[in-house]
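Structure for the following, please:
(4 chains)
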Number of protein chains: 2
Amino acid sequence: MVIKSEASDAPEILNLENFLPYRLHRLAEAVSREFSRIYKDRHGLTRPEWRTLAGLGQRGTMTATALGEQSAMHKTKVSRAVAELERRRWLTRKPDEKDRRIEHLTLTGTGLAAYREMVPLAKAFERDLLARLSAEERAAITSGLAALETNAWSLASPRSSQSLWTTEFERDCVGAPTTAKA
Amino acid sequence: MVIKSEASDAPEILNLENFLPYRLHRLAEAVSREFSRIYKDRHGLTRPEWRTLAGLGQRGTMTATALGEQSAMHKTKVSRAVAELERRRWLTRKPDEKDRRIEHLTLTGTGLAAYREMVPLAKAFERDLLARLSAEERAAITSGLAALETNAWSLASPRSSQSLWTTEFERDCVGAPTTAKA
DNA sequence: TTTCAATGGTTACAAATGAAACCAGTTTGG
DNA sequence: CCAAACTGGTTTCATTTGTAACCATTGAAA
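Reported below is the predicted structural model:
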């Protein structure tokens, strides 16, 4: 059996190290795990809780489904995260007038304070991560990811309410701190 | 309160959509989930099981820890995945002669067959995913990811045997089908 | 109206996960 | 030789997750 010397693609072998799904997952996992330490140590938040906080902090009042779409979380994760943040009195629910199934979620003062404390830490984390790359490399991931996002978009998992890549949750947001309109 | 019009960075707000950890995670999740359908429908494999299969298929005989390092999985995941694949008779364990703690894992004929069947599907999946991007975009993710990988490397989670980014597991591999030497 | 499908959200239950304890076996260093 | 300290690997237990079933409400259709 001859050893192939031109690295990595005997057609009948899959080189995991270069396999996109695997690379993405591994990287995401490492980054996410590292970042989680920040909100975990700091406030004992789980990832769904942090995302809920981040979503509401960014957009102001939202419904649970909107939150799920915006932050790509499963229904039940959102539900549980919201329940917990409510228990901590970091957010409040206000039933919709027209449609009594809907609840509008908003951060309380305490919740907002926590959010405001987290923002600079998050930004610093990202900055530090990117700081080690050259300008071109930064540009590369940014545009590369963007390209994948718009395309992987046709994948998404349609089953259940797990529709990633925000469809139209914008509609459900009111009074967001910065409703950037471009 | 004036509405900022230049999209997205009031310094006190974190724009999730542009936040790297979040983008990575969302993308990885979608891609991974979509890809998982292939091995899930096809063979009823879980992700750890698929990775185990892929690892052994690629490198030939390996120990459990080497597998864990190569595929960035937690000890226990590997252990359980291996147990299941063994139950299916897709792999066999052979105790090391020198060190009786160690077991060398190898795919059986059946396991190898399953692997061989999966490889083209995996490659096709990746190809299809990338096919929608322009050449530059493809180059961008490839190099962007590579850059992040080499750097995020200093993160990794040192706790437990979850050390990502392969240290020296090469040593534990024998008779890999293609021991690409560059 | 009444009925039936869809939608926002929660809950129950089963499966997947991770931390930590654990059981060999191995090495180190008296 | 013997006792730590360590390493490969498994197991136990508590937590997290996802699926599916569920309640309440709404909208559309008959």
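
neighbours around the closest residue to DNA strand D within chain A, how many?
Using C-beta to the nearest atom of the strand, the single residue of chain A nearest to DNA strand D is A:R100, 3.4 Å away. C-beta here means a position set from N, CA and C on the backbone, and glycine is covered the same way. A:R100 has 8 neighbouring residues, counting by other C-beta atoms under 10 Å in any protein chain shown.

List the residues that contact the spatially most central residue of chain A.
Per C-alpha atoms, centre = their mean, the C-alpha nearest to the average position across chain A is that of A:S71, at 4.6 Å. Residues in contact with A:S71, defined by C-beta atoms under 8 Å, 6 or more residues apart in numbering or on different chains, are A:51-52, A:54-55, A:78, B:16, B:22.

how close does it get to B:E29?
From A:S71 across to B:E29, the span is 11 Å (C-beta to C-beta, to the nearest Å).

which parts of chain A sit against DNA strand C?
With C-beta under 7 Å from any atom of the strand as the criterion, chain A meets DNA strand C at residues A:63-66, A:75-76, A:78-80, A:82-83, A:101-103, A:161.

Among these, the buried ones, what's the ChimeraX command?
To isolate the buried ones among the residues of chain A next to DNA strand C in ChimeraX, judged by 16 or more other C-beta atoms under 10 Å in any protein chain shown, type:
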select /A:63,64,66,78,80,82,102
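
Helices - which of the residues of chain A next to DNA strand C land there?
Of the positions in the residues of chain A next to DNA strand C, A:64-66, A:75-76, A:78-80, A:82-83 sit in helices, assigned by DSSP state H.

In CSV, list the residues you listed along with distance to A:L112 and pLDDT.
Shown next, in CSV, are these (distance: C-beta to C-beta, whole Å; pLDDT from 0 to 100):
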residue, distance to A:L112, pLDDT
A:A64, 19, 98
A:T65, 22, 97
A:A66, 18, 97
A:K75, 25, 95
A:T76, 25, 98
A:V78, 19, 98
A:S79, 22, 98
A:R80, 21, 98
A:V82, 16, 98
A:A83, 19, 98
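
which one of those residues is nearest B:E137?
A:A66 (29.9 Å; C-beta to C-beta).

returning to that earlier point: contacts only, for the residue of chain A closest to DNA strand D.
No residues are in contact with A:R100 under the rule C-beta under 8 Å, 6+ apart.

Roughly how far does it sit from A:T76?
21 Å.

One more: A:E103?
16 Å.

what does A:A131 give?
37 Å.

One more: A:G111?
Taken as C-beta to C-beta, the span from A:G111 to A:T76 is 21 Å.
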